[in-house]
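J.: Prediction below, plus the sequence it came from.
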Amino acid sequence: MTVPGVDGRDIAEILAPQGPRRQPLRGFDDDYADLVDYILRCTHRIWEQKDIGLIETHYGEDCPIHLMTGTTYGLAGVVDGTLRTLGGFPDRTLVGEAVIWSGDEDKGYLSSHRITSTGTNWGGSELGAATGRRVAFTTIADCLCRENRIVEEWLVRDNSAIVWAMGQNPHDVARAQAEADMRGEPQTWRQAKIDKILAAARTAFPSRSVPDAPADPHEWVRWFVDTILNHRRLAGVREAYHPNVRVYAPGNRRLFGHGEAIGWWSALLGCFGGARVRNDHIAVQPADDGSLDIALRWELAGRHNGPALYGEPSGRDCYILAVTHWRITGGRVAAEWTVFDEVALLRQIEGGL
Amino acid sequence: MSQAQALRRAWRDGAYGALSETYLHRAQREDALGHIVGREAIVAEAIAIEAAFASLDVAVRHDGTEVCSIELQGRYTGGLLGIEGEGAEVRLRQHRWSRRERTHVVEDIVVSDHLALVDALGASRAEVAQAVGAAAPTQPPLGELRSGQGQLAVEPLGSGDRTLDTLHAIWNGRHFDRIANIYAADATWTGPGGRSGGRDDLRTWLCQLVAQLPDATVLIDRTEAFDGGLAILWRLFGHRGGRRVRLIGSTILTLSDGKIVADDTLVDELALLATPYRPLLTL
């Protein structure tokens, strides 16, 4: 049975009862028809209907939540975090743009849920005092789901987009957060992650020829990370991407075409000397129109020694946790979304975390 | 129902519910200065347009599957672009490109002849551009305009469509002499800012554009072929006064015997004037 995605479906259709199971979901609540339904409807129930307590039946007791600022454990933290965010943006809507999933009911399903959120900043938040401004930002939540519970989550949110929309500068917010960090206990988890990423053996110089994404999307992703990013063969973007590609990058950047796509990746890599990128997880799903959706969770480590994007080089080792989604049409990238927390990155640059 | 018909029903009859039903809940609308998110916001903007006019009427010039060309006409009462209104009879040309998932619109791109509206209302171009720009912050530019070409001359487009390939040579290669290759001698051209005329007027406008943006580069976003014509959605990039200009343009061509007999082109030149005033989101 086919698991329908988000394309072409209005919210009324998405949130309506979906009928009998379309996918094996051992241990999931009876009214979920498939994983996409589970993700979209529990997001709506928790965040929009404000049934926040539903987290108790939808998250594992010790669920780790991986953010770029560290890992927290336990569903109590998830409840608190949800309430805090809603305190800042009480009318937040979470519009599911895509759910790209992998796995099965035995190993668990891993969903990569891209969300466009809108809301009004009526209350204070971790990003600052209330401003009354409308914000729109992208989040991607990668969730490992077993028997109705999210047992592990990786959450990336475009916090710099929120801060800009609030009329603040992300660097100022990050600086304040870093100053608070430096008054606390030093953390070691981040350096451990950086060391692990940088210690990975470097691959041989790769061919630039582009793998057939529809035929072997996992190989395509590995090629992209190894050839384009790690070996900096950015010219390959012109072969792998359509000339009219749309690229969405942190800070609500909306870019168009090969020049801006390459410009984004090269500027990012240029900020972090010796930057290495590591694949964490790849998921692939067909879209209704014959396109292919690919999700990649990745990490980057490098020394901040380039000024292109994030101010004067600080010389600090930095870590990025990110997710990129691609829509592949006709064998080439038609759209790319990359989300990571630039405020958390700036916080590292300012000496925090 | 086409988008043009849905818009006309909304603006003429108040059928905003029906307009809303043509969109997916997560639709987004983009123009040269930004974007709005969500069906409700898109419909609210349509209502705001009605609110700016008394006796609003809508003429549909082209009604394709993906693109429509419309002209709003009415007595302007205020509320657009921060311009006060005193009931002057004005027109506003728009091209609207819609992308659908199944039957519903998920993305609108709107190109408006705002500069012609500013002029018709007797408002100050500089003042309006400054106000509009100040309200539309933008990220600093990334990347180059002609990817990977370096010192090489502009390469042919190689699309296989003679009209499109020649337009690319004209726009990007500055082969203005090739206008005569694809435009009929008596072709009509309707351009932005209320301009109109024939082949010579098109060439004059292209020269003026390049004079403002010497590195002006046009990238094709998408096309729609229709019976008797071709529509092109394009992006214009260039630099002026140390700032990157990023505009959206739209051209609807009527073809006869392989030649362009009518060219309806729009690009929001107010957005070009507003560029220097747009705050840069610099970290």
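T.: Arrived safely, thanks for sending. Numbering: from 1, shown residues only, chains lettered A, B, ... in the order given.
J.: All the strands of the chain, residue numbers only.
T.: Picked chain A for this. Along chain A, counting by DSSP state E, strands occupy A:64-67, A:70-73, A:93-104, A:108-120, A:134-146, A:149-157, A:241-249, A:253-256, A:272-286, A:292-304, A:317-329, A:332-339.
J.: ah, I was thinking of chain B
T.: B:23-31, B:34-37, B:53-63, B:67-80, B:83-101, B:104-112, B:183-190, B:196-197, B:217-226, B:229-240, B:243-256, B:259-267.
J.: So which of those strands is nearest A:Ala176?
T.: For those, the distance to A:Ala176 is smallest for strand B:34-37, at 28.2 Å, taking Cβ to Cβ. In short, each C-beta sits where N, CA and C put it, glycine included.
J.: can you put the strands of chain A in a markdown table and add mean neighbour count, mean pLDDT and distance to chain B?
T.: Shown next, in a markdown table, are the strands of chain A (neighbours: other Cβ atoms under 10 Å in any protein chain shown; pLDDT from 0 to 100; distance: least, Cβ to the nearest Cβ, whole Å):
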| stretch | mean neighbour count | mean pLDDT | distance to chain B |
| --- | --- | --- | --- |
| strand A:64-67 | 17 | 97 | 20 |
| strand A:70-73 | 14 | 96 | 22 |
| strand A:93-104 | 21 | 97 | 4 |
| strand A:108-120 | 22 | 98 | 6 |
| strand A:134-146 | 23 | 97 | 5 |
| strand A:149-157 | 22 | 98 | 16 |
| strand A:241-249 | 22 | 98 | 5 |
| strand A:253-256 | 19 | 98 | 5 |
| strand A:272-286 | 18 | 96 | 15 |
| strand A:292-304 | 23 | 98 | 12 |
| strand A:317-329 | 23 | 98 | 12 |
| strand A:332-339 | 21 | 98 | 10 |
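J.: Next, format those as a markdown table and append distance to A:Asp37.
T.: Converted to a markdown table, these look like this (distance: least, Cβ to Cβ, whole Å):
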| stretch | distance to A:Asp37 |
| --- | --- |
| strand A:64-67 | 23 |
| strand A:70-73 | 27 |
| strand A:93-104 | 9 |
| strand A:108-120 | 11 |
| strand A:134-146 | 12 |
| strand A:149-157 | 15 |
| strand A:241-249 | 25 |
| strand A:253-256 | 30 |
| strand A:272-286 | 14 |
| strand A:292-304 | 17 |
| strand A:317-329 | 20 |
| strand A:332-339 | 22 |
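J.: looking at the ones you listed, which is closest to A:Gly87?
T.: From the strands of chain A, taking Cβ to Cβ, the stretch that ends up closest is strand A:108-120, at 11.2 Å.
J.: Neighbouring strands - and their directions - for that closest one?
T.: strand A:93-104 (antiparallel), strand A:134-146 (antiparallel) (DSSP bridges).
J.: and the angle from that strand to strand A:149-157?
T.: Relative orientation of strand A:108-120 versus strand A:149-157 (axes from the mean of the first three to the mean of the last three Cα atoms, to 10 degrees): 50 degrees.
J.: if we can go back for a sec, in JSON lines, list the strands paired with strand A:108-120 along with distance to A:Glu299.
T.: Output for the strands paired with strand A:108-120, formatted as JSON lines (distance: least, Cβ to Cβ, whole Å):
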{"stretch": "strand A:93-104", "distance to A:Glu299": "18"}
{"stretch": "strand A:134-146", "distance to A:Glu299": "12"}
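J.: Just tell me which of those strands ends up closest to A:Ala301.
T.: Proximity to A:Ala301, assessed across these by Cβ to Cβ, is greatest for strand A:134-146 (19.0 Å).
J.: for the closest one, the distance to its chain's centre please.
T.: 7 Å (Cα atoms, centre = their mean, to the nearest Å).
J.: now the angle from it to strand A:317-329?
T.: Using the same axes, to 10 degrees, strand A:134-146 lies at 90 degrees relative to strand A:317-329.
J.: What angle do strand A:272-286 and strand A:134-146 make with each other?
T.: Interaxial angle of strand A:134-146 relative to strand A:272-286 (the same axes, to 10 degrees): 70 degrees.
J.: circling back: pipe the strands of chain B into CSV and attach mean pLDDT, mean neighbour count and distance to A:Pro186 per row.
T.: Supplementary listing: the strands of chain B in CSV, determined by pLDDT from 0 to 100; neighbours: other Cβ atoms under 10 Å in any protein chain shown; distance: least, Cβ to Cβ, whole Å:
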stretch, mean pLDDT, mean neighbour count, distance to A:Pro186
strand B:23-31, 97, 22, 43
strand B:34-37, 95, 17, 40
strand B:53-63, 95, 16, 63
strand B:67-80, 96, 19, 55
strand B:83-101, 95, 18, 49
strand B:104-112, 97, 21, 47
strand B:183-190, 98, 18, 66
strand B:196-197, 97, 14, 69
strand B:217-226, 98, 18, 48
strand B:229-240, 98, 20, 45
strand B:243-256, 98, 21, 41
strand B:259-267, 98, 21, 54
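J.: and the residue in chain A that chain B sits nearest to, how many neighbours?
T.: As assessed by Cβ to the nearest Cβ, chain B sits closest to A:Gly263 within chain A, at 2.0 Å. Neighbour count for A:Gly263, taken as other Cβ atoms under 10 Å in any protein chain shown: 23.
J.: Pull up the gap between it and B:Val154, please.
T.: Distance of A:Gly263 to B:Val154, given as Cβ to Cβ, to the nearest Å: 19 Å.
J.: Quick check: chain neighbours aside, which residue is closest to the residue of the stretch 101-250 of chain B at minimum distance from chain A?
T.: Evaluated by Cβ to the nearest Cβ, the stretch 101-250 of chain B has B:Gly143 as its residue closest to chain A, separated by 2.0 Å. Take B:Gly143 and drop its neighbours on the chain: the residue closest to it by Cβ to Cβ, 6 or more residues apart in numbering or on different chains is A:Gly263, 2.0 Å away.
J.: got a list of what the one you found touches?
T.: Applying Cβ atoms under 8 Å, 6 or more residues apart in numbering or on different chains to A:Gly263 gives the contacts A:Leu255, B:Pro141, B:Leu142, B:Gly143, B:Glu144.
J.: quick revisit: what would the strands of chain B look like in CSV with distance to chain A?
T.: Output for the strands of chain B, formatted as CSV (distance: least, Cβ to the nearest Cβ, whole Å):
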stretch, distance to chain A
strand B:23-31, 4
strand B:34-37, 5
strand B:53-63, 22
strand B:67-80, 15
strand B:83-101, 4
strand B:104-112, 7
strand B:183-190, 25
strand B:196-197, 29
strand B:217-226, 5
strand B:229-240, 5
strand B:243-256, 8
strand B:259-267, 15
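J.: want to throw the ones you listed into JSON lines with distance to A:Trp223?
T.: Listed next are the strands of chain B as JSON lines, based on distance: least, Cβ to Cβ, whole Å:
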{"stretch": "strand B:23-31", "distance to A:Trp223": "31"}
{"stretch": "strand B:34-37", "distance to A:Trp223": "32"}
{"stretch": "strand B:53-63", "distance to A:Trp223": "43"}
{"stretch": "strand B:67-80", "distance to A:Trp223": "36"}
{"stretch": "strand B:83-101", "distance to A:Trp223": "29"}
{"stretch": "strand B:104-112", "distance to A:Trp223": "29"}
{"stretch": "strand B:183-190", "distance to A:Trp223": "44"}
{"stretch": "strand B:196-197", "distance to A:Trp223": "50"}
{"stretch": "strand B:217-226", "distance to A:Trp223": "25"}
{"stretch": "strand B:229-240", "distance to A:Trp223": "28"}
{"stretch": "strand B:243-256", "distance to A:Trp223": "30"}
{"stretch": "strand B:259-267", "distance to A:Trp223": "38"}
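J.: Might you report the residue contacts of residue 79?
T.: Going with chain A. A:Ile52, A:Gly53, A:Ile55, A:Glu56.
J.: actually chain B
T.: B:Gly79 neighbours (Cβ under 8 Å, 6+ apart): B:Ala48, B:Ala51, B:Ala52, B:Gly85.
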